[in-house]
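> have a look at this prediction, sequence included:
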Amino acid sequence: MVINAVFIPIRILSRFDINYSVRMDEKISSLKHDPERRKQISVVSFVGFQKHLVAGFFEQAHKAFQFDSGTIHLFHSKDEDLSAEQFARYSSVRSALDRVLRQDWSGFEVREVTLRNIWDIRESMGHLDKIKDESCLVNLSAGPSVFAASAILWGLRKGSLLVGHVVERREQSLKDLGEESNISIFSFIDLRPYYSYVYLDHMDKMILKAIASGSQSSNEILRFVHRSLEEHWRISLRLIQMRLNSLEQMGLIRSYRSGKSKNYLVSDNLTKIIDISGFLGT
């Protein structure tokens, strides 16, 4: 990552400034994305009884992302636990899913995961922990709520977690997108920025609050922060810029050019989860 040089008044750096500078350099370096790793992803889904929540997920995920290869992990219950009617519905869903995988996901290895008890969060977590890829995409809508909960908790330990959740539609005009009675449109969200937000320190959250309040340039953000801090805790413009670079690397904010200056906004991925007003109370 290239950090643009900025000329600022020279001052003696405090021990806090120096230590924070070192930590930020390490943090930014560790967040650089490996292009080869981006191509590899694990896709996780429960295989339930509704085609539009299983096959539909893989159809729409293929259109939304262009992953080269990876592993698909399909979770399901034991066949013997299903009634004859449930097994028939499962078989129909699985047949439709297999067609989609052959057509759109041929570069992926498919692994089957049979759960002894689909309501045991520990069992689901145990299988998810075996997935070693740092980048993952999880279908939250096809299985029981326990499976979705375990996937979100598991994502706290991953480098990147994309999730797909469904917004059901039954409009006549959308019937060509899926089953006639249930038209499911998936929304895909990157949870990594939110996970990063949870662990931010007070200063970074104050910077986000400044941006949410309308301060967009680094100088405006610095003035907002200084109005909120006691004098002996105030930091330099350089450290504000370093923190902004770090927040952008984590996907919490995005930047754009306005003339010669660089301005900042809270990222779309974060505002999909937290309303902009939620940052004002931090």
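Perfect, thanks for sending it.
> contacts and neighbour counts: CA atoms only from here.
Will do.
> all helices of the stretch 151-282 of the chain, in order?
Per DSSP state H, counting those that start in this stretch, the stretch 151-282 of the chain carries helices over the ranges 192-198, 202-212, 218-228, 237-249, 268-271.
> make JSON lines from the ones you listed and add distance to Leu162, mean neighbour count and mean pLDDT to it.
As requested, the helices of the stretch 151-282 of the chain are exported to JSON lines (distance: least, CA to CA, whole Å; neighbours: other CA atoms under 10 Å; pLDDT from 0 to 100):
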{"stretch": "helix 192-198", "distance to Leu162": "8", "mean neighbour count": "18", "mean pLDDT": "88"}
{"stretch": "helix 202-212", "distance to Leu162": "22", "mean neighbour count": "20", "mean pLDDT": "93"}
{"stretch": "helix 218-228", "distance to Leu162": "30", "mean neighbour count": "17", "mean pLDDT": "92"}
{"stretch": "helix 237-249", "distance to Leu162": "17", "mean neighbour count": "19", "mean pLDDT": "95"}
{"stretch": "helix 268-271", "distance to Leu162": "10", "mean neighbour count": "18", "mean pLDDT": "89"}
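> in a markdown table: those helices, plus distance to Val100.
Shown next, in a markdown table, are the helices of the stretch 151-282 of the chain (distance: least, CA to CA, whole Å):
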| stretch | distance to Val100 |
| --- | --- |
| helix 192-198 | 28 |
| helix 202-212 | 42 |
| helix 218-228 | 48 |
| helix 237-249 | 34 |
| helix 268-271 | 28 |
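> and those: which comes nearest Glu59?
Smallest distance to Glu59 across these (CA to CA): 21.9 Å, for helix 268-271.
> just the C-alphas of the closest one, formatted as CSV.
Extracted in CSV, the C-alpha atoms of helix 268-271 (Å, rounded to 0.1, in the frame of the first residue of the first chain):
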residue,chain,number,x,y,z
ASP,A,268,-21.5,0.6,2.2
ASN,A,269,-20.8,-2.8,3.7
LEU,A,270,-20.8,-1.4,7.2
THR,A,271,-24.0,0.8,6.7
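> list the contacts of it.
189-191, 193-194, 251-252 (CA atoms under 8 Å, 6 or more residues apart in numbering).
> mean confidence for stretch 123-142?
Stretch 123-142 carries an average pLDDT of 92.
> quote the end-to-end distance of it.
17 Å (CA to CA, to the nearest Å).
> give the buried residues for that stretch.
Under the neighbour-count criterion of 16 or more other CA atoms under 10 Å, stretch 123-142 has 123-125, 128, 131, 133-142 buried.
> just the ones of those in strands?
135-139 (DSSP state E).
> give me the average confidence score over stretch 157-170.
Average pLDDT, stretch 157-170: 78.
> now it - C-alpha only, CSV.
The C-alpha trace of stretch 157-170 is given here as CSV (Å, rounded to 0.1, in the frame of the first residue of the first chain):
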residue,chain,number,x,y,z
ARG,A,157,-12.1,-16.2,13.4
LYS,A,158,-11.9,-15.9,9.6
GLY,A,159,-10.0,-13.4,7.5
SER,A,160,-13.1,-12.7,5.4
LEU,A,161,-16.7,-13.8,5.6
LEU,A,162,-19.3,-13.1,3.0
VAL,A,163,-22.9,-14.1,3.8
GLY,A,164,-25.9,-14.5,1.6
HIS,A,165,-29.3,-13.9,3.2
VAL,A,166,-32.6,-14.1,1.4
VAL,A,167,-35.3,-11.4,0.8
GLU,A,168,-38.4,-13.3,-0.3
ARG,A,169,-40.5,-11.8,-3.1
ARG,A,170,-43.8,-13.0,-4.6
